[in-house]
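Participant: pasting the sequence and the predicted coordinates here, then a few questions.
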Amino acid sequence: MKPFIFITRKLPQTVIEPLNQEFRVEMWEKEDVPVPRDILLEKATGASALITMLSDKVDTELLENAPSLKVVANLAVGYDNIDLKAAKQKGVAICNTPDVLTDTTADLTFCLLMAAARRIVEADRYIKEGKWKSWSPLLLAGTDIHHKTIGIVGMGSIGEAVAKRAKGFDMNILYHNRSRKPEAEKSLGASYVSLDELLDQSDFVVVLAPLTAETEGLFQKEQFLAMKKSAFFINAARGPIVNEEALAEALETGEIAGAGLDVFTNEPISSEHPLLSFDNVVALPHIASSSTETRIGMMNLCVQNIHAVLNGDKPKTEV
Ligand code: DGY
């Protein structure tokens, strides 16, 4: 019998085509609904490989009931939905999708920064709601981006790609990371600083760190108080890095000037959530890597990784 591959979301047939000859492939077909947990668990019991989304928990419960499982390819660069230690113990290879999404994610992150600073969403709404009556001197005046200071928290490849964009805007670039990045310091003129210094000096605080035990809840009331009142907070990493109540309070009290958020603690966020009530918050539904080219590239990479592992080869991008 052909090995079984279960894919937890509907992907284009052209992408999974290379798997069809050697493997039995099944997909969760409902486009906009994540696979229910009980179905995922049931499918995993007979699967040799899974393609998962970041909304699927790959934990001990799943791994212990998946005796044939050899590889999980997560359609994301982040893998905080996966218990890596348990996977390792079970000898299951975990693969992610780095590199293919770096520039696309950096584009969107910078776009979010610009949209928040220049009030793009508010302005769009204003004109479409028929509110534009005349040109006026300070109509929807935003804040400059060029020559300001950007502080990047998490200087991985996406952080560096954002810094590259910031350099094009003549920004002063600060970063905070677990390790120093001498190359980025040299080529982009980025300066390594402590988190406190970064918060104190940045006009734009941009979070691009992975969600780990170290970064979970990193941004609390204290961190927002430490930021400039004129500063913007941008998060394109993971929601739980931020205490959302503290962020909402900082926006409410004017401790910071605005925010650009692509990620939330609970996704999808409820439209009633306090964070969505602020005009100075630009909110996106976790789409930083979502260009057609990049998402297809990520899917192809998942397919290649699965193909490699099930054929006894080394996957391209094992975590
Ligand atoms: C990732 O890749 O981790 C993004 O958050 C989803 O594309």
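Facilitator: Received the coordinates, thanks. Model, not experiment: these values are computed from the prediction.
Participant: please make it C-alpha for all contacts and neighbour counts, starting now.
Facilitator: OK.
Participant: so who does whichever residue of the stretch 1-150 of the chain sits closest to the ligand touch?
Facilitator: For the stretch 1-150 of the chain and the ligand, the shortest gap (Cα to the nearest ligand atom) falls at Ala76, measuring 3.2 Å. Shown in contact with Ala76 (Cα atoms under 8 Å, 6 or more residues apart in numbering): 53-54, 96-98, 298.
Participant: so how far is Lys57 from it?
Facilitator: 13 Å (Cα to Cα, to the nearest Å).
Participant: can you list residues touching both of the two?
Facilitator: Common contact partners of Ala76 and Lys57 (Cα under 8 Å, 6+ apart): none.
Participant: what strand or helix carries the residue nearest to Pro240 when sequence neighbours are not counted?
Facilitator: Nearest residue to Pro240, sequence neighbours excluded (Cα to Cα, 6 or more residues apart in numbering): Thr265, at 4.8 Å. Using DSSP states H and E, Thr265 sits within no helix or strand.
Participant: isn't Thr265 up against Glu245?
Facilitator: No. Thr265 is not in contact with Glu245 according to Cα atoms under 8 Å; the separation is 10.6 Å.
Participant: separation between the residue nearest in space to the middle of the chain and Val25?
Facilitator: Nearest residue to the geometric centre of the chain (Cα atoms, centre = their mean): Ala237, 4.1 Å. Going from Ala237 to Val25 by Cα to Cα gives 31 Å.
Participant: just Lys228 next, same as before
Facilitator: 52 Å.
Participant: helix, strand or coil for the residue of the stretch 151-300 of the chain found nearest the ligand?
Facilitator: Per Cα to the nearest ligand atom, Ser289 is where the stretch 151-300 of the chain lies closest to the ligand, at 4.8 Å. Here Ser289 is coil, with the state taken from DSSP: H, G, I helix; E, B strand; the rest coil.
Participant: these two touch, right, it and Asp99?
Facilitator: No. Taking contacts as Cα under 8 Å, Ser289 lies outside contact range of Asp99: 10.9 Å.
Participant: neighbour-wise, which of these two wins?
Facilitator: Using other Cα atoms under 10 Å as the criterion, Ser289 and Asp99 rank with Ser289 on top: 23 against 15.
Participant: ok, now which ones touch that one?
Facilitator: For Ser289, counting by Cα under 8 Å, 6+ apart, the contacting residues are 101-102, 104-105, 108, 295.
Participant: now list the buried members of those.
Facilitator: Neighbour-count burial (16 or more other Cα atoms under 10 Å) applied to the contacts of Ser289 gives 101-102, 104-105, 108, 295.
Participant: among those residues, which lie within strands?
Facilitator: Of the buried ones among the contacts of Ser289, none are assigned to strands by DSSP state E.
Participant: residues of the stretch 201-319 of the chain that sit close to the ligand?
Facilitator: Ser289 (Cα under 6 Å from any ligand atom).
Participant: all strands for the stretch 201-319 of the chain, in order.
Facilitator: Secondary structure of the stretch 201-319 of the chain (DSSP state E, counting those that start in this stretch): strands located at 204-207, 232-235, 258-261, 281-283.
Participant: how about those in a markdown table, adding mean pLDDT?
Facilitator: Formatted as a markdown table, the strands of the stretch 201-319 of the chain follow (pLDDT from 0 to 100):
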| stretch | mean pLDDT |
| --- | --- |
| strand 204-207 | 99 |
| strand 232-235 | 99 |
| strand 258-261 | 98 |
| strand 281-283 | 98 |
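Participant: figure out which of these is closest to Leu195.
Facilitator: strand 204-207 (10.2 Å; Cα to Cα).
Participant: show me what the closest one packs onto, helices and strands only.
Facilitator: Strand 204-207 sits against strand 149-153, strand 232-235, with contacts defined as 3 or more Cα pairs under 8 Å, 6 or more residues apart in numbering; DSSP states H and E.
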